[in-house]
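>>> Everything below, folded, please.
(3 chains)
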Amino acid sequence: MASSMMDSEVFLAFSTYATIVILKMMLMSPLTAYFRFTRKSFANSEDTAMAKSPELRKKMLVANPDVERVRRCHQNDLENIVPFVVIGLLYALTGPDLSSALLHFRVFVGSRLCHTVAYLLPLPQPSRALAWLVGMIVTFSMAYQVFRTAQL
Amino acid sequence: MASSMMDSEVFLAFSTYATIVILKMMLMSPLTAYFRFTRKSFANSEDTAMAKSPELRKKMLVANPDVERVRRCHQNDLENIVPFVVIGLLYALTGPDLSSALLHFRVFVGSRLCHTVAYLLPLPQPSRALAWLVGMIVTFSMAYQVFRTAQL
Amino acid sequence: MASSMMDSEVFLAFSTYATIVILKMMLMSPLTAYFRFTRKSFANSEDTAMAKSPELRKKMLVANPDVERVRRCHQNDLENIVPFVVIGLLYALTGPDLSSALLHFRVFVGSRLCHTVAYLLPLPQPSRALAWLVGMIVTFSMAYQVFRTAQL
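Prediction:
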């Protein structure tokens, strides 16, 4: 079974792009940690044990705008990449053309890379909004294909 | 392979209901945006460029209770719908009866629609708590079926 | 198809461990509810209807550190367990050795159990950081295997 699934070119393409975009999402965790250390802003008191005084420890528990920005970007990834992966998997199993499947997967991954850049720099709006919208449209298009196959 | 997967009636039913409930979850994003614009409450300073004065821009960065309510509803969806999709996929592959699978999928989707309505209106408790509980029970029931098949 | 998928020992192992770790994540919801009730700290005003006076109701809407700790732990689960499940599913379909697949799945599940214990007690750092890191490495290792099979 496993081999037959991985014999499908569409499924191989889905595996590759889904893994890329999930890894991108996972990289937000070390990025959050990087900003927490450089901005000295933590959420848990046990994370501030390196501080030299109780006053410094308290200061380290205040939220920092750069940290919160990375966290909002991470949250937006969860809210958009998880639906892409679920609906994309079902879409890949409906047996679409390879070219049309690649178009969906590549536009989505590109839109999320743009979204992250637009969020973190940040770029002026509507760059971030457009990147988000393109990703949503790709996922809706794949959902439509799933419904058509399932003859809802 | 793809065709054989989509030949299974249970898997087709799963595809349909999983896509419906994921789309419901995705609709929380535009709903958040709608409340952010009507309540003039944003999280990023670059989102407030339409304001006419720096004082107005600052005011637009204050959290609004209606926006936060939609966001909590979205977060609850992530915490409950993602487990349903993962365990539901594995459950669909254990080869359950179509009628029993449909019962699980329909009750779950119904419970999440009730949960969203109860959260956003809001309805008095325990309506939201009950909707949440019914969804949890459906997912636990499918998890039990997965363990039985896997002969843990 | 369903039966053929569940005939693969690697896929059965994945089903079991993915379900265990998703159930662990789901248990954070009732745990949050438990802390909300014992600490009398809620997020929605309709959840405080049992209070005897309007002043008490207002007090119940203040964030509590114990509740927030459970919620951060839940969020970290979402950020790490969802990638494991997605990449683990694709990895299971690449046809790895059963022993090597079991090693990945067991180390990941163990790392997340340790992470939860370290977060909730809490244990002094770097225990929580190490538990998180081990889980990340397991998921990266499976992603590498997916890329190798897909001949990116």
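>>> What residue, apart from its backbone neighbours, is nearest A:Leu61 spatially?
A:Phe42 (6.1 Å; CB to CB, 6 or more residues apart in numbering or on different chains). For every residue, glycine as well, the C-beta is placed using N, CA and C.
>>> How about the contacts made by the one you found?
A:Arg36, A:Thr48, A:Met60, A:Leu61 (CB atoms under 8 Å, 6 or more residues apart in numbering or on different chains).
>>> Buried subset of the residues you listed, written for ChimeraX?
In ChimeraX, a selection of the buried entries from the contacts of A:Phe42 looks like this (16 or more other CB atoms under 10 Å in any protein chain shown):
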select /A:36,48,60
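>>> Which ones among the contacts of A:Phe42 lie within helices?
If you go by DSSP state H, the contacts of A:Phe42 have A:Arg36 in helices.
>>> Columns pLDDT on top of the contacts of A:Phe42, output as JSON lines?
Shown next, in JSON lines, are the contacts of A:Phe42 (pLDDT from 0 to 100):
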{"residue": "A:Arg36", "pLDDT": "95"}
{"residue": "A:Thr48", "pLDDT": "90"}
{"residue": "A:Met60", "pLDDT": "93"}
{"residue": "A:Leu61", "pLDDT": "92"}
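>>> Longest helix in chain A, by number of residues?
Assignment by DSSP H; longest helix in chain A turns out to be helix A:65-92.
>>> May I see the buried residues of that one?
A:67, A:69-71, A:73-92.
>>> check those residues against chain B, which are close?
Applying CB under 8 Å from any CB of the partner chain, the subset of these adjacent to chain B comprises A:Arg69, A:Leu78, A:Glu79, A:Asn80, A:Val82, A:Pro83, A:Val86, A:Ile87, A:Leu90, A:Ala92.
>>> ok, the fifth one - contacts?
A:Val82 makes contacts with B:Leu78, B:Val82, C:Val82, as judged by CB under 8 Å, 6+ apart.
>>> pLDDT and distance to A:Phe108 added to those, as a markdown table?
As requested, those are exported to a markdown table (pLDDT from 0 to 100; distance: CB to CB, whole Å):
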| residue | pLDDT | distance to A:Phe108 |
| --- | --- | --- |
| B:Leu78 | 97 | 19 |
| B:Val82 | 98 | 18 |
| C:Val82 | 98 | 17 |
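>>> For B:Met28, see how far away the most centrally placed residue in chain A is.
Nearest residue to the geometric centre of chain A (CA atoms, centre = their mean): A:Asp77, 3.2 Å. For A:Asp77, the distance to B:Met28 equals 15 Å [CB to CB, to the nearest Å].
>>> can you check A:Glu79 too?
8 Å.
>>> okay, and the common contacts of these two?
B:His74.
>>> correct me, but A:Tyr91 touches A:Val146?
Yes - taking CB atoms under 8 Å as the definition, A:Tyr91 is a contact partner of A:Val146 at 5.5 Å.
>>> ok, A:Phe35 - contacts?
A:Phe35 neighbours (CB under 8 Å, 6+ apart): A:Ser41, A:Asn64, A:Asp66, A:Val67, A:Val70.
>>> Let me know the closest of the residues you listed to C:Met6.
A:Val70 (40.1 Å; CB to CB).
>>> what's near enough to touch that closest one?
A:Met28, A:Leu31, A:Thr32, A:Phe35, A:Leu120.
>>> Can you say which of those are buried?
Here, 16+ other CB under 10 Å leaves A:Met28, A:Leu31, A:Thr32, A:Phe35, A:Leu120 buried among the contacts of A:Val70.
>>> Out of the residues you listed, which is nearest to C:Trp132?
A:Thr32 (11.3 Å).
>>> if you skip the residues just before and after it, what's nearest to the closest one?
That would be A:Val70: by CB to CB, 6+ apart, it lies 4.9 Å from A:Thr32.
>>> what's the answer for A:Tyr17, then?
Nearest one to A:Tyr17, counting by CB to CB, 6+ apart, is A:Phe105 at 3.9 Å.
>>> how much does the one helix or strand the one you found maps to deviate in direction from helix A:65-92?
According to DSSP states H and E, A:Phe105 maps onto helix A:98-120. Put simply, helix A:98-120 runs at 170 degrees to helix A:65-92, going by axes from the mean of the first three to the mean of the last three CA atoms, to 10 degrees.
>>> Any residue of whichever helix or strand comes after helix A:98-120 touching chain B?
Heading C-terminal from helix A:98-120, the first helix or strand you meet, by DSSP H and E, is helix A:127-150. Yes - interface with chain B: helix A:127-150 contributes A:Arg128, A:Trp132, A:Met136, A:Thr139, A:Phe140, A:Ala143, A:Val146, A:Phe147, A:Thr149, A:Ala150 (CB under 8 Å from any CB).
>>> quick one: the fourth one and B:Leu27 touch, right?
Spelled out, that is A:Thr139. No - look at A:Thr139 against B:Leu27 with CB under 8 Å: they stay out of range, at 11.7 Å.
>>> neighbour-wise, which of these two wins?
A:Thr139 (25 against 14; other CB atoms under 10 Å in any protein chain shown).
>>> which ones are touching that one?
A:Asn80, A:Pro83, A:Phe84, A:Ile87, A:Gly88, A:Phe108, B:Met26.
>>> And it, how far from chain C?
A:Thr139 sits 15 Å away from chain C, taking CB to the nearest CB, to the nearest Å as the criterion.
>>> same deal with A:Asn64?
16 Å.
>>> Just the buried residues of stretch A:17-30, please?
Applying 16+ other CB under 10 Å to stretch A:17-30 flags A:Tyr17, A:Ala18, A:Thr19, A:Ile20, A:Val21, A:Ile22, A:Lys24, A:Met25, A:Met26, A:Met28, A:Ser29 as buried.
>>> In helices, which of those residues appear?
A:Tyr17, A:Ala18, A:Thr19, A:Ile20, A:Val21, A:Ile22, A:Lys24, A:Met25, A:Met26, A:Met28, A:Ser29.
>>> In space, what's closest to the residue nearest to the centre of chain A - neighbours in sequence excluded?
In space, A:Asp77 is closest to A:Met25, 4.2 Å off (CB to CB, 6+ apart).
>>> A:Met136 and B:Met26 touch, don't they?
Yes - at 6.9 Å, A:Met136 counts as touching B:Met26 under the criterion of CB under 8 Å.
>>> who touches both of these two?
Joint contacts of A:Met136 and B:Met26 (CB under 8 Å, 6+ apart) are A:Asn80.
>>> pLDDT weak spots in chain A?
A:1-4, A:151-152 (pLDDT under 70).
>>> What about chain A, which residue is the most distant from its middle?
A:Ser53 (37.8 Å).
>>> How much space separates that one from chain C?
18 Å.
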